[in-house]
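S.K.: Just the structure for this:
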Amino acid sequence: MISPCLAQKKPNILFLFADDQCYETIGSLGLTDIETPHLDRLMSQGTSFNRTYNMGSWSGAVCVASRHMLNTGRFIWKAEAASKKAEEERKAGRFWSENMKAAGYKTYFTGKWHVRAKAEACFDVATMVRGGMPNQTPEGYNRPLPDGTDPWSPYDPKFEGFWKGGKHWSEVVADETLGFFSQAKGHAQEKPFFAYIAFNAPHDPRQAPKSFIDRYPLDRIKVPPNFLPQYPYCNEIKCPHSLRDEKLAPMPRTEHAI
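M.R.: Residues are numbered from 1 along each chain as shown. Here you go, the predicted structure:
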């Protein structure tokens with residue numbers, strides 16, 4: 001529900017941004033057997049825009065394009081033009097964070113940025129700023145191997161990826177956010193806060209603490225009815241098997257690998 005009444009006091013704003021998360025992975029939508037209690041609670045208390053679509057990208061990934069559209073408020077091709085002069089746009093006050101500052105907000109950022117202007121300049125406080133993805137984890141692709149073995153463990157820190165530094169990056173982002181809240185209490189009477197919290201997950205590499213992996217035993221997971229061992233249109237849309245996303249499982253696909 002959205003109230004048409006104007007708030008007498010500016011609210012604090014917490015913006016949570018996941019990377020590469022599909023709408024099918026929200027448990028309350030009832031499409032998959034996934035447990036997302038906190039996201040379900042947010043949906044039950046707020047408004048869901050279930051006919052909103054990503055406009056695409058000017059490159060092979062939507063990461064950079066989506067973030068420039070979000071932070072400049074422009075449609076895709078105008079956002080591309082703005083991305084080439086992002087720092088100039090920021091200095092001119094045409095970034096989301098700059099607009100929030102002008103509106104009297106204390107601004108915070110942590111996590112995946114992937115915008116061509118420094119997060120430290122865009123926000124009053126920016127910590128643990130990450131790039132597009134962590135280091136490559138070759139053991140996590142094209143598995144299981146032809147002999148049936150699987151050298152990969154999504155919860156073993158030795159493979160680094162989201163475990164680089166010793167703690168899963170999603171947990172780091174959450175900890176940084178709690179730190180922001182503690183800081184915000186100190187100026188609560190002066191300024192409301194705007195916190196832009198950008199998780200790198202569930203973008204690959206597919207890694208999570210063991211407690212989360214254990215919630216999904218293989219015999220519980222079912223592939224969708226439209227499962228195919230091989231994508232039929234890879235040649236038509238120039239999506240070769242060599243692409244990183246295509247290497248997440250070996251060809252031809254098996255239900256076990258998926």
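
S.K.: Once you drop chain neighbours, what's closest to A61?
M.R.: Once flanking residues are discounted, A61 sits nearest to G132: 7.7 Å by C-beta to C-beta, 6 or more residues apart in numbering. For glycine as for every other residue, the C-beta is placed from the backbone atoms N, C-alpha and C.

S.K.: got a list of what that neighbour touches?
M.R.: By C-beta atoms under 8 Å, 6 or more residues apart in numbering, the residues touching G132 are 61, 63-64, 112, 114.

S.K.: which SSE is it in?
M.R.: Per DSSP states H and E, G132 falls between elements, in no helix or strand.

S.K.: And the pLDDT for it?
M.R.: For G132, the pLDDT comes out at 86.

S.K.: Kindly report the same for H187.
M.R.: 75.

S.K.: where does it sit relative to G179, distance-wise?
M.R.: 14 Å (C-beta to C-beta, to the nearest Å).

S.K.: what's the answer for Q207, then?
M.R.: As judged by C-beta to C-beta, Q207 and G179 stand 23 Å apart.

S.K.: who has more neighbours, the two?
M.R.: A count of neighbours by other C-beta atoms under 10 Å puts Q207 above the other of Q207 and G179, at 26 against 15.

S.K.: Can you check which strand is longest in the chain?
M.R.: Selection of the longest strand in the chain by residue count, based on DSSP state E, yields strand 193-202.

S.K.: Contacts made by that strand with the rest, please.
M.R.: By C-beta under 8 Å, 6+ apart, strand 193-202 touches 12-21, 25, 96-97, 100, 105-113, 123, 130, 133-134, 162, 169-170, 173, 177, 180-181, 184, 207-208.

S.K.: Helix or strand next in line after that strand, which one?
M.R.: Next along from strand 193-202, by DSSP H and E: helix 210-213.

S.K.: buried sites along that next one?
M.R.: Under the neighbour-count criterion of 16 or more other C-beta atoms under 10 Å, helix 210-213 has nothing buried.

S.K.: so which strand or helix has R67?
M.R.: Counting by DSSP H and E, R67 is part of helix 63-72.

S.K.: if you average pLDDT over that helix, what comes out?
M.R.: pLDDT averaged over helix 63-72 gives 94.

S.K.: How about stretch 35-52?
M.R.: pLDDT averaged over stretch 35-52 gives 90.

S.K.: next one: stretch 224-237
M.R.: Stretch 224-237 comes out at a mean pLDDT of 78.

S.K.: Off-centre distance for that stretch?
M.R.: Relative to its chain's centre, stretch 224-237 lies at 25 Å (C-alpha atoms, centre = their mean, to the nearest Å).

S.K.: what do you get for stretch 181-195?
M.R.: For stretch 181-195, the distance to the chain centre is 25 Å (C-alpha atoms, centre = their mean).

S.K.: go on, stretch 250-258?
M.R.: With C-alpha atoms, centre = their mean, you get 25 Å for stretch 250-258.

S.K.: picking up where we left off before, how much space between the residue nearest to A61 and G60?
M.R.: 12 Å.

S.K.: Please apply the same query to E87.
M.R.: Taking C-beta to C-beta, one finds E87 at 24 Å from G60.

S.K.: before we move on, back to that, packing partners of the helix holding R67?
M.R.: helix 76-83, helix 86-91, helix 96-102 (3 or more C-beta pairs under 8 Å, 6 or more residues apart in numbering; DSSP states H and E).
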